[in-house]
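Colleague: Fold the stuff below for me.
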Amino acid sequence: MWYLCAQMILCLLIAAILGFLIGWLLRGLFKKQVVVGDLREDDLKLVVGIGPVFEKRLREVGIKTFKQLAELTEEEIERLSEKIGPFPERIQRENWVEQAKAFHYQKYGERI
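Modeller: So this is what the prediction gives:
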């Protein structure tokens, strides 16, 4: 009799373990993946002229990657210059856009 009880307990234990493993695998297969844009951020302080203060200001206005900085138009540069600080000509004078293009290419191998 005890042999039969031991077999039943062993079968239940194996079934529980298999159920757990199958559930874990299925959850991994069917888990929703939500991607909101490009989640990477670059160290904008590598660009000459961008220190911790300007990097923080750029991030506050939504510029977090070399690509975003490299793709700025003249109009966007003017608006950005007004928002980020006391030296509005700094972006063009220190050539942030070209530097950002070079850093993006160096890091990601993609030309902009």
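Colleague: For residue 43, see how far away the most far-flung residue of the chain relative to its centre is.
Modeller: What lies farthest from the middle of the chain is residue 1; by C-alpha atoms, centre = their mean that is 60.7 Å. Relative to residue 43, residue 1 is positioned 70 Å away (C-beta to C-beta, to the nearest Å). All C-beta spots, glycine's among them, are computed from the backbone N, C-alpha and C.
Colleague: residue contacts, the residue farthest from the centre of the chain?
Modeller: Counting by C-beta atoms under 8 Å, 6 or more residues apart in numbering, residue 1 touches no other residue.
Colleague: could we number from 6 for the rest of this?
Modeller: Let's use 6 as the start, then, which means that last one is residue 6.
Colleague: in this protein, which helix or strand is least confident?
Modeller: Lowest mean confidence among the helices and strands of the chain (mean pLDDT, DSSP states H and E): helix 7-35, at a mean of 80.
Colleague: buried sites along it?
Modeller: By 16 or more other C-beta atoms under 10 Å, helix 7-35 has no buried positions at all.
Colleague: how distant is stretch 74-87 from the center of its chain?
Modeller: 22 Å (C-alpha atoms, centre = their mean, to the nearest Å).
Colleague: Residue 62 and residue 90 touch, don't they?
Modeller: Yes: counting by C-beta atoms under 8 Å, residue 62 touches residue 90, with 6.4 Å between them.
Colleague: all helices for this protein, in order.
Modeller: Under the criterion DSSP state H, the chain contains helices at 7-35, 57-65, 71-75, 79-89, 95-98, 101-113.
Colleague: Outline the domain layout of this protein.
Modeller: 6-38, 49-113 (automatic domain parsing).
Colleague: pLDDT (mean, whole number) over the longest one?
Modeller: By that I understand domain 49-113. In this model, domain 49-113 has a mean pLDDT of 91.
Colleague: end-to-end on it?
Modeller: 15 Å (C-alpha to C-alpha, to the nearest Å).
Colleague: quick one: that domain to chain centroid distance?
Modeller: The answer for domain 49-113 is 18 Å, by C-alpha atoms, centre = their mean.
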